[in-house]
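>>> how would this look folded up:
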Amino acid sequence: LSATYTMDAISLTLSSADDKDHARNTNTGKKASQNMTIAYANGPLTASFNNDESSAWWATTSYDLGNGADLFATVDHTEFAVVGLSFAF
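Have a look, this model is predicted:
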């Protein structure tokens with residue numbers, strides 16, 4: 001089950017799945033999947049905050065520099081953080 005609500009440049013998505021007994025469930029607590037995403041997209045800027053059933057969270061942002069170049073940053077609940085530049089030709 002998934003639902004998305006969009007308000008101009010912001011969207012909120014909630015989803016849930018009854019997969020706690022599924023063989024491919026990788027949740028450490030064997031809980032059913034539950035995810036939440038709040039996203040913002042306006043022009044060259046995108047950003048999102050995500051959370052799941054294990055209270056694992058992560059945030060990402062990206063800025064399109066043009067000509068196939070993107071500046072990005074991400075951080076998560078394990079204190080992992082990275083800033084980088086990517087190119088696509």
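
>>> So for Tyr40, what's the nearest residue that isn't a sequence neighbour?
Distances taken as CB to CB, 6 or more residues apart in numbering put Ala47 closest to Tyr40, at 4.7 Å, once the chain neighbours are dropped. C-beta: built from backbone N, CA, C; applies to glycine.

>>> so where's the protein shaky on pLDDT?
Within the chain, the stretches with pLDDT under 70 are 19-31.

>>> list the contacts for the residue most central in space within the chain?
The C-alpha lying nearest the average C-alpha coordinate of the chain belongs to Asn50 (CA atoms, centre = their mean; 4.4 Å). By CB atoms under 8 Å, 6 or more residues apart in numbering, the residues touching Asn50 are Asn35, Met36, Thr37, Trp57, Trp58, Ala59, Thr60.

>>> Now, of those residues, which are buried?
Ala59, Thr60 (16 or more other CB atoms under 10 Å).

>>> what about the helices in the chain?
Taking DSSP state H as the criterion, the chain carries no helices.

>>> For it, just list every one of the strands.
Under the criterion DSSP state E, the chain contains strands at 2-7, 10-17, 33-42, 45-52, 57-66, 69-76, 81-87.

>>> what comes into contact with the shortest one?
Spelled out, it's strand 2-7. Outside of strand 2-7, the residues within contact range by CB under 8 Å, 6+ apart are Ser11, Leu12, Thr13, Leu14, Ser15, Ser16.

>>> and the last one, what does it touch?
Contacts for Ser16 were tallied using CB under 8 Å, 6+ apart; they are Leu1, Ser2, Ala32, Ser33, Gln34, Asn35.

>>> which residues does the last one bridge with?
On the basis of DSSP bridges, Asn35 is bridged to Ser15, Asp52.

>>> I'd say it and Leu14 touch.
Yes: if you go by CB atoms under 8 Å, Asn35 and Leu14 touch, sitting 7.4 Å apart.
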